[in-house]
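K.L.:
below is the sequence, then the predicted model.
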Amino acid sequence: MNLIRLLPIVAALCMAACSSPGKQFRLEGDIAGVNQAEIFAYFEDAAFCGIDTIRIQDGHFVYEKDLTQPAILTLLYPNYSQTYIVAEPGVHIKMDGDAAKLGEAQISGSDENQLLTDFRTQIAGKSEAEARLAATNFIRQNKQTLAAVAVLKRYFTTAEEPEPATVASLLKDLCTAQPKNTSLTMLRKQINSRMGGSKGQNVPSFEASTLDGKTITPSKNQGRPMAVVFWATWSNKSSQTLNLLRQLKNSYGGKVTFVPVSLDHDIEACRRATNRDSLTAITVCDGLAFESPVCKAFGIKTVPGCTLIDRHGRIIARDLTPDQLEQRIGELLK
């Protein structure tokens, strides 16, 4: 997927209100193995709104931003991996990394970023489960820092199968330790939404209208499985999703309810795409993209992604690829 097409995803995460000018934060970086490239920078809290483009030339880049308060900066790379940096007004941060190991980049210039660098070094080579355990300990030991919030974002808000009890406990610790951190309020909303659509939970309540004006609710689907499939015309990978969805509908249409949810702003573009695949009658598209009530109910942050619900209304898998969805439906109906 072209990185430009990912902008609606990260744009939906940014706050609507911009900050007033403040002291300048400066990030200077060197990434070995890169000649020319573009990465994106954005904040999910109240530091500023919008997305900035950082241009790397001969492996070097400089990024500057006026800030009025400390905030977590997210760097989004062309391979869709991310790095979190604690940005503070008037602070100069240095980043040294390798394109093949961006997750192990050395970030220096402040105590908080040194904490993050030490943590990344500590977990290098560990399994995801081991890293998550280390992350839990790190957050509890450093709960008064933004570094702890950054680690929570990395290992718990985007986890494929989050642990609601652990996440709730960690977030409570952070909110207690940082009562004036308003960004935690937004993070709590994001996490609560994500938990509502996590594996093992009951399907979240929602009501949506298809492009043909029919109303879809979970209560109308009692007694048979449901696959809620999130896609968008701006996502190249979604074309494969629609093709497979048409095939699955033809094969299992009487046994499984399929609900394609388009995260497009352009409803007519969505209608044209679904007309080609004969999916218009069952497709939901309200033009709100990631602000759609259905998207928020399921805690969706990327596309394409599929959530599978059993006949009892319980989520048994989420964030499935099209191929994984086909396999899980086959297993479910055996």
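P.N.:
Looks like it arrived, so ask away. Computed from a predicted structure; not experimentally measured.
K.L.:
residue contacts, the residue lying closest to Asn79 once chain neighbours are set aside?
P.N.:
For Asn79, ignoring the flanking residues on the chain, the nearest one in space by Cβ to Cβ, 6 or more residues apart in numbering is Leu102 at 8.0 Å. Every residue, glycine included, has its C-beta placed from N, CA and C. Going by Cβ atoms under 8 Å, 6 or more residues apart in numbering, Leu102 touches Ile31, Tyr77, Asn79, Ser81, Thr83.
K.L.:
pretty sure Leu102 is in a helix, no?
P.N.:
Yes: under the criterion used here (DSSP: H, G, I helix; E, B strand; the rest coil), Leu102 sits inside a helix.
K.L.:
report the separation between it and Asp30.
P.N.:
12 Å (Cβ to Cβ, to the nearest Å).
K.L.:
contacts only, for Asp212.
P.N.:
Asp212 makes contacts with Thr280, Ala281, as judged by Cβ under 8 Å, 6+ apart.
K.L.:
when you give positions from now on, start the count at 219
P.N.:
Sounds good: first residue 219 from here, last item Asp430.
K.L.:
tell me the pLDDT at it?
P.N.:
Predicted confidence (pLDDT) for Asp430: 92.
K.L.:
just for the stretch 219-368 of the chain, where's the confidence low?
P.N.:
219-240, 263-268 (pLDDT under 70).
K.L.:
so where do the helices sit in it?
P.N.:
Applying DSSP state H, counting those that start in this stretch to the stretch 219-368 of the chain gives helices spanning 225-231, 329-341, 346-359, 364-370.
K.L.:
let me have those helices in JSON lines, extended by mean neighbour count and distance to Leu463.
P.N.:
Below are the helices of the stretch 219-368 of the chain laid out as JSON lines (neighbours: other Cβ atoms under 10 Å; distance: least, Cβ to Cβ, whole Å):
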{"stretch": "helix 225-231", "mean neighbour count": "17", "distance to Leu463": "20"}
{"stretch": "helix 329-341", "mean neighbour count": "18", "distance to Leu463": "37"}
{"stretch": "helix 346-359", "mean neighbour count": "16", "distance to Leu463": "29"}
{"stretch": "helix 364-370", "mean neighbour count": "25", "distance to Leu463": "34"}
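K.L.:
in a markdown table: those helices, plus distance to Gln396.
P.N.:
Shown next, in a markdown table, are the helices of the stretch 219-368 of the chain (distance: least, Cβ to Cβ, whole Å):
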| stretch | distance to Gln396 |
| --- | --- |
| helix 225-231 | 20 |
| helix 329-341 | 13 |
| helix 346-359 | 12 |
| helix 364-370 | 8 |
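K.L.:
of those, which is nearest Ala487?
P.N.:
For the helices of the stretch 219-368 of the chain, distance to Ala487 was read as Cβ to Cβ. The smallest value, 12.7 Å, belongs to helix 225-231.
K.L.:
how far out from the middle of the chain is stretch 451-471?
P.N.:
22 Å (Cα atoms, centre = their mean, to the nearest Å).
K.L.:
which parts of that stretch are buried?
P.N.:
Thr451, Trp452, Ser453, Ser456, Thr459, Leu460, Leu462, Leu463, Arg464, Leu466, Lys467, Tyr470 (16 or more other Cβ atoms under 10 Å).
K.L.:
which of the residues you listed sits closest to Gln287?
P.N.:
Distances from Gln287 to the buried residues of stretch 451-471, taken by Cβ to Cβ, are shortest for Trp452, at 32.9 Å.
K.L.:
which one of the helices of the stretch 219-368 of the chain lies nearest to Phe261?
P.N.:
helix 225-231 (9.2 Å).
K.L.:
how much space is there between the nearest residue to Pro522 once chain neighbours are set aside and Leu429?
P.N.:
Distances taken as Cβ to Cβ, 6+ apart put Thr459 closest to Pro522, at 4.3 Å, once the chain neighbours are dropped. Note on Thr459: its distance to Leu429, by Cβ to Cβ, is 17 Å.
K.L.:
what do you get for Thr335?
P.N.:
49 Å.
K.L.:
how about the strands in this structure?
P.N.:
241-250, 254-261, 269-275, 278-285, 289-294, 300-305, 310-316, 324-326, 426-427, 433-434, 444-449, 475-480, 523-527, 533-538 (DSSP state E).
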